[in-house]
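Peer 1: sequence isn't available, so here's the structure alone:
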């Protein structure tokens, strides 16, 4: 209530009275945003501010409900002004959490000898978030001892030990022909001296001579293995040949005497 007074002076009567002044509560400017983004192992809710008619920052904005896992949910907010000058308000904001990408990649270029069991798999896991953990397992049909000579793919699986698989887009890669099963090869047999590449005892042959290259194929235990098809060869460079010449042993033969 506002009080007013009129002083009329000599010509008018003085007068006073009351008048009611009504100030209604204003609506605060409440700006609330939800969250949209990939899973990162952290909790996400709404964020926001409340602003008064003169631009001042207002307290009393409470934000509730946060979400960590896919797909998220609906976060709530409530504004309650302690000064009494603003209307209370409530609302909601969406929290949208999408799956993160988790990639498991086996490493290739592995070899083993026929008859061995291969267990030395390796690989990489990229994309785990927060405190999430898991075990990557790699396998290949070439790993058992019974696998025949050839090249085999390496595949991957992943098991979570902490965290939820539903939070991830799991991408399991394959190392194509990543494991090669080979024969055991202990080197050339005579007449080629296989220590030549170690610069030990050298093999010497006449220029232009055809030398048979003899060897045997074995399994991991050293037993001779039967080649089922035509063998494939590749060139290996073990070092340079000795440039020194070696004299041939001359065999002296007595001439026949013709009477």
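Peer 2: Yes, it's here. Remember, it's a predicted structure, so these values are computed and weren't measured experimentally.
Peer 1: how many neighbours does the closest residue to residue 79 other than its chain neighbours have?
Peer 2: Nearest residue to residue 79 in three dimensions, chain neighbours excluded: residue 89, at 4.6 Å (C-beta to C-beta, 6 or more residues apart in numbering). In this view, the C-beta of every residue, glycine as well, is placed from N, C-alpha and C. Per other C-beta atoms under 10 Å, the neighbour tally for residue 89 reads 17.
Peer 1: any idea how far the spatially closest residue to residue 169 that is not a sequence neighbour is from residue 37?
Peer 2: Take residue 169 and drop its neighbours on the chain: the residue closest to it by C-beta to C-beta, 6+ apart is residue 99, 4.5 Å away. Residue 99 sits 11 Å away from residue 37, going by C-beta to C-beta, to the nearest Å.
Peer 1: with residue 73 instead?
Peer 2: 14 Å.
Peer 1: just residue 113 next, same as before
Peer 2: Applying C-beta to C-beta to residue 113 and residue 37 gives a distance of 50 Å.
Peer 1: higher neighbour count, these two?
Peer 2: In this comparison of residue 113 against residue 37, neighbours counted by other C-beta under 10 Å, the higher total goes to residue 113 at 16 against 13.
Peer 1: wait, the more buried one sits on residue 219?
Peer 2: Yes: the criterion here is C-beta atoms under 8 Å, and residue 113 meets it with residue 219 at 7.0 Å.
Peer 1: pull up the overlap in contacts between these two.
Peer 2: 183-184 (C-beta atoms under 8 Å, 6 or more residues apart in numbering).
Peer 1: residues touching stretch 132-152, excluding its own?
Peer 2: So stretch 132-152 is contacted by 41, 104, 106, 112, 114-119, 121-123, 125, 128, 153-163, 167, 177-183, 220, 228 (C-beta under 8 Å, 6+ apart).
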